[in-house]
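# Build the 3D model from these lines:
(2 chains)
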Amino acid sequence: MKLSRRETLLLGAGAAVAAVLPLPTYADAVADAVAAFTGGADVADGGVTVDAPEIAENGNTVPISVSSDGAESIMVLATGNPTPAVATFTFGELAASQSGSIRIRLAQTQDVMAIAKMPDGTFQKASATVKVTIGGCGG
Amino acid sequence: MASGVKPRVKVPKKASAGEAITIKTLISHKMESGQRKDSDGNLIPRSIINHFACTFNGKSVIEVVLEPAISTNPYIEFEATVPETGTFEFTWQDDDGSTYTESKDITVG
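I've put the predicted structure just below:
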């Protein structure tokens, strides 16, 4: 396809608009994910443990574990990933402890956040910072 | 069905009644996130395990919802209480609709 001068100018203008338009930031996506889980309820700090390495050389497999005594479910979020949701653990009656370990992908250095839903309907959260040397979400 | 999917589970063979045991599960799966591009710049379609569940004699132990941010070959470790002799059932659900299952017996004595 050969572009005329006019078409080329139009394309350029379109690209400029696309670049200027505010893209939804990661922070918004995190807030949305939290709201979807909590239904807008307040989230208190503490009561959850997030075990994650301080430095992860390879963002493709970062071992983390979360636990929260008595929690009904725990949601894990990677606040710096293009899509923050990572995993949601829901504990049944035979779970010996409200904890789980899993390996996750991290795109960059960021906070890993865990939000626990308690049986009484309250929510608690904690986060841990992981430094990522090589991001794990492809290019 | 994605190729080469093989579930592996580690459960102790014996336990005492009411004991908390650690269960380790791993399933080989490429967990394509749907965000990567191939050499021509086309998006590679998402193909992941999106749900994992473990039950013991029909009672729920744990359920995990997995998102694309889970690493290749998803590894999940958790603890379960064993009230009696019975069978652990593990179920993984793939994006393409297939289900992979594995079961392990445990003896209380």
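# Quick check: closest non-adjacent residue to residue B:34.
residue B:46 (2.8 Å; CB to CB, 6 or more residues apart in numbering or on different chains). Where you see a C-beta, it was placed from the backbone N, CA and C, and this is true even at glycine.
# Repeat that for residue B:8.
Nearest one to residue B:8, counting by CB to CB, 6+ apart, is residue B:26 at 4.8 Å.
# need the contact list for that neighbour.
B:7, B:8, B:9, B:73, B:74, B:75, B:76 (CB atoms under 8 Å, 6 or more residues apart in numbering or on different chains).
# Distance-wise, check residue B:73 relative to residue B:42.
Residue B:73 sits 25 Å away from residue B:42, going by CB to CB, to the nearest Å.
# More neighbours: which of the two?
residue B:73 (17 against 8; other CB atoms under 10 Å in any protein chain shown).
# The helix or strand hosting residue B:77 pairs with which strands, and in what direction?
Residue B:77 is part of strand B:75-82, with elements assigned from DSSP states H and E. Strand B:75-82 has the following sheet partners, assigned by DSSP bridges: strand A:95-104 (antiparallel), strand B:19-27 (antiparallel).
# can you put those strands in JSON lines and add mean pLDDT and distance to residue B:54?
Converted to JSON lines, the strands paired with strand B:75-82 look like this (pLDDT from 0 to 100; distance: least, CB to CB, whole Å):
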{"stretch": "strand A:95-104", "mean pLDDT": "93", "distance to residue B:54": "9"}
{"stretch": "strand B:19-27", "mean pLDDT": "93", "distance to residue B:54": "7"}
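# Spell out which helix or strand contains the closest residue to residue B:69 other than its chain neighbours, please.
Excluding the flanking residues, the one nearest residue B:69 by CB to CB, 6+ apart is residue A:86, at 4.4 Å. Per DSSP H and E, residue A:86 falls inside strand A:85-91.
# returning to what we had before: please identify the most buried of the strands paired with strand B:75-82.
strand A:95-104 (a mean of 21; mean count of other CB atoms under 10 Å in any protein chain shown).
# Extract the C-alpha set from it and format it as PDB.
C-alpha atoms of strand A:95-104 as PDB (Å, rounded to 0.1, in the frame of the first residue of the first chain):
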ATOM      1  CA  ALA A  95      -7.400 -26.900  55.200                       C
ATOM      2  CA  ALA A  96      -5.000 -27.300  58.100                       C
ATOM      3  CA  SER A  97      -3.800 -23.800  57.900                       C
ATOM      4  CA  GLN A  98      -4.900 -20.800  55.900                       C
ATOM      5  CA  SER A  99      -1.700 -20.700  53.800                       C
ATOM      6  CA  GLY A 100      -0.500 -21.500  50.400                       C
ATOM      7  CA  SER A 101       2.700 -21.300  48.300                       C
ATOM      8  CA  ILE A 102       2.800 -20.600  44.600                       C
ATOM      9  CA  ARG A 103       5.300 -19.400  41.900                       C
ATOM     10  CA  ILE A 104       4.400 -16.200  40.100                       C
END
